[in-house]
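S.K.: no sequence on hand, only this structure:
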């Protein structure tokens, strides 16, 4: 296949995956956790955010750059991914604390 056609096929596959994931993922969460679970919005936000976040990072870090700069950008890739995970765990801890340790006032 020609390179332009291969790129188009990959783009269409990615679009189909995102559409299928955004349709099935919330339904899966509701079926597993129940409609009144406070975790659904949290998991949905970070699940969809992970798709957008990882696809944008893949797009940014797969372009052609010189090898010296690639080492510097790899550091930022790790820093950004750790920041995403830190926010994921901190907000999860916050929701868990709000559910299990309510303030009595």
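M.R.: That came in fine, so what should we check first? Everything numeric in this text was worked out from a predicted model, so none of it was measured.

S.K.: separation between residue 78 and residue 52?
M.R.: Distance from residue 78 to residue 52, counting by C-beta to C-beta, to the nearest Å: 19 Å. Every residue, glycine included, has its C-beta placed from N, CA and C.

S.K.: chain center to stretch 9-17, what's the gap?
M.R.: Relative to its parent chain, stretch 9-17 has a centroid offset of 17 Å by C-alpha atoms, centre = their mean, to the nearest Å.

S.K.: what average pLDDT does that stretch get?
M.R.: Regarding stretch 9-17, the rounded mean pLDDT is 88.

S.K.: run through the neighbouring helices and strands of the helix or strand residue 8 falls within.
M.R.: Using DSSP states H and E, residue 8 sits in helix 3-33. Contacts defined by 3 or more C-beta pairs under 8 Å, 6 or more residues apart in numbering; DSSP states H and E place helix 3-33 against helix 39-61.

S.K.: just the pLDDT for residue 87.
M.R.: We note a pLDDT of 93 for residue 87 in this prediction.

S.K.: in contact with residue 29, which residues?
M.R.: 37, 39, 40, 43, 44, 47 (C-beta atoms under 8 Å, 6 or more residues apart in numbering).

S.K.: which secondary structure elements does the strand or helix carrying residue 74 sit against?
M.R.: Taking DSSP H and E as the criterion, residue 74 maps to helix 67-100. When contacts are defined as 3+ C-beta pairs under 8 Å, 6+ apart, helix 67-100 sits against helix 39-61.

S.K.: what's the closest non-adjacent residue to residue 42?
M.R.: residue 95 (5.7 Å; C-beta to C-beta, 6 or more residues apart in numbering).

S.K.: likewise for residue 46?
M.R.: residue 88 (5.4 Å).

S.K.: let's check: the centremost residue of the protein is which one?
M.R.: residue 50 (0.2 Å; C-alpha atoms, centre = their mean).

S.K.: which residues sit in contact with it?
M.R.: residue 84.
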